[in-house]
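**Q** Give me a model of this one.
(2 chains)
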Amino acid sequence: MIVEVGHFALALALALSVIQAAMPVWAARSGDETLRETTVPAALGVFACILFAFGALTYAHVMSDFSVKNVVENSHTMKPLIYKISGVWGNHEGSMLLWVLILSLFGAMVAVAKNSVPPVLRTNTLAVQALITFVFVLFIITTSNPFDRVAPAPLEGNDLNPLLQDFGLAVHPPLLYLGYVGFSITFAFAAAALIDGRIDAVWARAVRPWTLTAWVFLTLGIAMGSYWAYYELGWGGWWFWDPVENASLMPWIAGTALLHSTVVMEKRDALKVWTVLLSVLTFSLSLMGTFIVRSGLLTSVHTFASDPTRGVFILAILVLFIGGSLTLFAWRAPSLRQGGLFAPISREGALVMNNLFLVAACATVLVGTLYPLLLEMLTGEKISVGPPFFNWTFVPLAIPLLLIVPFGQSLAWKRGDVAAAAQRLFAAFAFAFVVGIGTAAYTWGGPVMAPVAIGLGAYLIIGSALEILSRARGYGNSRSRDLGTIARRAIGLPRSAWGTALAHAGVGVVVIGIAAQSWALEGLGTLKPGQSLAVGPYVATLDKVGPQSGENYEETAAFLTVRTAKGDTVGPVETGKRFYPSRKMTVTESGLMTIGFSQVYASLGEVLPDGSIGLRLYYKPLILLIWLGAVVMALGGALSLTDRRMRVGAPAKARAKLPPHAVPAE
Amino acid sequence: MTRKSRRLTLIASCGAVLAVAVGLILWQMSGSIVFFRSPAEVAARVVAPGTRFRLGGLVLDGSLKRGPDQTVDFSVTDTKGTIPVQYKGLLPDLFREGQGVVAEGMLDTGGTFRADTVLAKHDESYMPREVADALKAQGRWQEGKDGKPVKAESPDTSLGKRSER
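**A** The predicted structure is shown next:
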């Protein structure tokens, strides 16, 4: 019964989204502007309906209602509760439902954030958002209905792919979708601005918080996906340049560029047309990612089911939105008032360079991801574009970008002074140099480029710290040497300044983490109980091999003790092979031992009849910095969001009256 | 700085960055692309020793031999050609004799494929697409009971399999 109501709610959402999309058009035609306001309750209604449908599907999964096909295919009575819930989006139909749920959530948020945006822009944005929602709900209802029944209902379900039975599934897809789909709002804003033909700093101020929100979630989602792949796949790698990973990285890069170009647009009323184009491109890349992942064009853990009709439908959506928005852009962009040009050596000049390098880097990833698909379609020749391609195209473009980051921060708007900026950054250069030389001396005979990269990371972190320090110290006459004054001023700095510095420092942390992987070590061996395998500064001894069982699996586990080379015990590590009877599938569970920011990683191989085991050990120095750095970046973004200037609702006049630390809006 | 020179600076820097990006792409496209080959193609000596490529096919029944230090030998076949493969490392969980596999590496002068990466399936009904396509091309593709390919984890086949158990 609840399942049917959920199904109806989804159909109702489809109908309501038509109203939401059509009302502003009707209002413009009939001249009755009050009609516009109906988009607000419509957006809330669409969200409520989809939320109910999602709740109904979750209910069916939790209750193991095997008369629903989706539950039969992906659930099992023995499955732990957390995977019954996260299993809702651990399949094609459910994940698409989560996709539209988040789409409508963002629509509802724009509808509720009342004072933020001029009414025409807001309602037009909601209409475009409704159009996206309509098409995707239509896609779900016609090709991927999660509410399909099956008769007679089987007694037991097929269970979820054991690779997905992990806490990562509970976190990674919702975070990723909040980012991925969050860019639909910036897209809707861009389309609305193009339709309206008006674009100015108000538009940029309205878009910035949404871009930042989506970016924060996408950063966390990608980092979580990377960590999940690292510990679940058992290969010890943290990024494979897999097309599915690239599909999420491309919107992230474009979104990062967008984040920076909206700043220029808000402050300097420049780069307008470019920013609008970037908004369109960012969400287009999100859509393309959805197409790559969901169409069955590529096979991976993310491809839950391949069905040609779905692929064609998503391709049609892709063509409709990308083609439609680019046509709209080509038609309307010339009528937009161009912003002014500016000096190359200035904050905005540096931000343009940021955009240039990010877009070029994004393009190389795009080429590397799509080229094999196109080549196969055209010639039938199958190729794979692997990590070397991306390492040698993406990285050389990323390095100059990272070098200008601290410069850009310390250059003034309008007219910057490179010499002064370099002078301010002198301490960062010196520190980075010392760090690089120190690392090289400490690891003499090892990788050559890695110490340079470590120095680069240190430069980014110190550069960000110096930026805060020099702003707190003040310039010219107001320059202060009093520590108390500096501390007070530092606290009083806008949160967006702190957020920027934190996010850029986070990039530095990621760079150090990645560079440190040049010293990662790997050991492979056959062990009997009592025997040891050494990897880098650690030795793992096999204590015993034994069976243990979980709720829905049988496990053969190897229990190891990790010691330092001197023989001091660090702690136990356990790795095993889990057999899931419901799917007749075995999955290796890797064992992780965290030592500071480094990890020892154990992965169990074959268990031989004589009681010996195959074991792969990795030593991953400072690897946690990769993900912690991403978290720092996201924290920086979140901190910026609490800045008063991000409060889209706050009118400029009232600004002075409010206390300096007003309640953050988002 | 005049308006014209500002514009020129902007255009020049755009051009420079794009030229670098295109250059990097072209340079890497000529060097680091890995082709996919079937055992039949390799047996016909299409690939020179020392060239990296991906080999895809079925693991020949009874060919898996475990050597010391986690070395494994097996053969990959597509019935028209069979190539011996040597790999040092842990095999994926779903590596089985008689099932699909993709290995990446290069041929040595003796004609053995030295793999450094072995990819198998992600779950029981999924097969690397290259393998599925190769098998289809060679007419060895087994159709599912209801006429749908086994590869597609389509609802009907998985339900069908379910009820057989």
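**Q** okay, CA-based contacts and neighbour counts for the rest of this
**A** Noted.
**Q** Which residue, other than its chain neighbours, is closest to A:Phe390?
**A** Using Cα to Cα, 6 or more residues apart in numbering or on different chains and skipping the chain neighbours, the partner closest in space to A:Phe390 is A:Val365 (6.8 Å).
**Q** Let me see the mean pLDDT of the helix or strand that contains that neighbour.
**A** According to DSSP states H and E, A:Val365 maps onto helix A:347-379. Mean pLDDT, helix A:347-379: 91.
**Q** Stretch A:216-231 too?
**A** Model confidence over stretch A:216-231 averages 94 on the pLDDT scale.
**Q** Ok, stretch A:280-300 next?
**A** 82.
**Q** Kindly report the same for stretch B:17-34.
**A** Rounded mean pLDDT across stretch B:17-34 is 89.
**Q** do that stretch and chain A meet at all?
**A** Yes - judged by Cα under 8 Å from any Cα of the partner chain, stretch B:17-34 and chain A are in contact via B:Val17, B:Leu18, B:Ala21, B:Leu24, B:Ile25, B:Gln28, B:Met29, B:Ser32, B:Ile33, B:Val34.
**Q** Look up the closest residue to residue 14, ignoring the ones flanking it.
**A** I went with chain A, as the question did not name one. Excluding the flanking residues, the one nearest A:Leu14 by Cα to Cα, 6+ apart is A:Phe134, at 5.5 Å.
**Q** Actually, chain B is the one I wanted.
**A** Among residues not flanking B:Cys14 along the chain, A:Leu356 sits closest, at 6.6 Å (Cα to Cα, 6+ apart).
**Q** Likewise for A:Phe47?
**A** Residue nearest to A:Phe47 in three dimensions, not counting chain neighbours: A:Ser104, with 4.9 Å by Cα to Cα, 6+ apart.
**Q** Could you check stretch B:55-68 and say which residues are buried?
**A** B:Leu55, B:Gly56, B:Gly57, B:Leu58, B:Val59, B:Leu60, B:Leu64 (16 or more other Cα atoms under 10 Å in any protein chain shown).
**Q** The residues you listed in strands, which ones?
**A** The strands, defined by DSSP state E, take in B:Leu55, B:Gly56, B:Gly57, B:Leu58, B:Val59 from the buried residues of stretch B:55-68.
**Q** Please convert those residues to CSV, extending it with distance to A:Ser478.
**A** Shown next, in CSV, are these (distance: Cα to Cα, whole Å):
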residue, distance to A:Ser478
B:Leu55, 69
B:Gly56, 70
B:Gly57, 73
B:Leu58, 75
B:Val59, 75
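**Q** Among those, which one lies nearest to A:Glu554?
**A** The shortest gap between A:Glu554 and any of these belongs to B:Val59, at 26.7 Å (Cα to Cα).
**Q** so what's the closest one up against?
**A** The contact partners of B:Val59, by Cα atoms under 8 Å, 6 or more residues apart in numbering or on different chains, come to B:Phe74, B:Ser75, B:Val76, B:Thr77, B:Arg96, B:Glu97, B:Gly98, B:Gln99, B:Gly100, B:Val101.
**Q** what pLDDT does the last one get?
**A** It stands for B:Val101. pLDDT at B:Val101 comes out at 84.
**Q** Distance-wise, check it relative to B:Thr112.
**A** 16 Å (Cα to Cα, to the nearest Å).
**Q** ok, those two, which is more surrounded?
**A** Shown here are B:Val101 and B:Thr112; by other Cα atoms under 10 Å in any protein chain shown, B:Val101 has more neighbours (26 against 16).
**Q** which secondary structure elements does the helix or strand containing the more buried one contact?
**A** Secondary structure from DSSP H and E places B:Val101 in strand B:100-107. In terms of contacts (3 or more Cα pairs under 8 Å, 6 or more residues apart in numbering or on different chains; DSSP states H and E), strand B:100-107 is packed against strand B:52-59, strand B:113-119, helix B:129-137.
**Q** Repeat the analysis, applying 7 Å as the threshold.
**A** The helices and strands touching strand B:100-107, judged by 3 or more Cα pairs under 7 Å, 6 or more residues apart in numbering or on different chains; DSSP states H and E, are strand B:52-59, strand B:113-119.
**Q** ok and the longest helix seen in chain B relative to helix A:347-379, angle-wise?
**A** Identified as the longest helix of chain B according to DSSP state H is helix B:3-31. Angle of helix B:3-31 versus helix A:347-379, following axes from the mean of the first three to the mean of the last three Cα atoms, to 10 degrees, is 40 degrees.
**Q** Now whatever residue of chain B ends up closest to chain A. Nearest residue, chain neighbours left out?
**A** Nearest to chain A in chain B, going by Cα to the nearest Cα, is B:Phe35, at a distance of 4.2 Å. Nearest residue to B:Phe35, sequence neighbours excluded (Cα to Cα, 6+ apart): A:Ile383, at 4.2 Å.
**Q** So what does the one you found have for phi and psi?
**A** phi -130, psi 160 (degrees, to the nearest 10).
**Q** One more: A:Trp413?
**A** Dihedral angles of A:Trp413 (phi, psi; degrees, to the nearest 10) stand at phi -70, psi 160.
**Q** Now for it: which residues touch it?
**A** Counting by Cα atoms under 7 Å, 6 or more residues apart in numbering or on different chains, A:Trp413 touches A:Ser346, A:Arg347, A:Glu348.
**Q** Out of those residues, flag the one nearest to A:Leu57.
**A** Closest to A:Leu57, out of all of the contacts of A:Trp413 and judged by Cα to Cα, is A:Glu348, at 48.4 Å.
**Q** any idea how far chain B is from the closest one?
**A** Separation of A:Glu348 from chain B (Cα to the nearest Cα, to the nearest Å): 12 Å.
**Q** how many other residues sit next to that residue?
**A** Applying other Cα under 10 Å, we find 29 residues neighbouring A:Glu348.
**Q** so it makes contact with A:Val264?
**A** Yes - assessed by Cα atoms under 7 Å, A:Glu348 is found in contact with A:Val264 at 5.9 Å.
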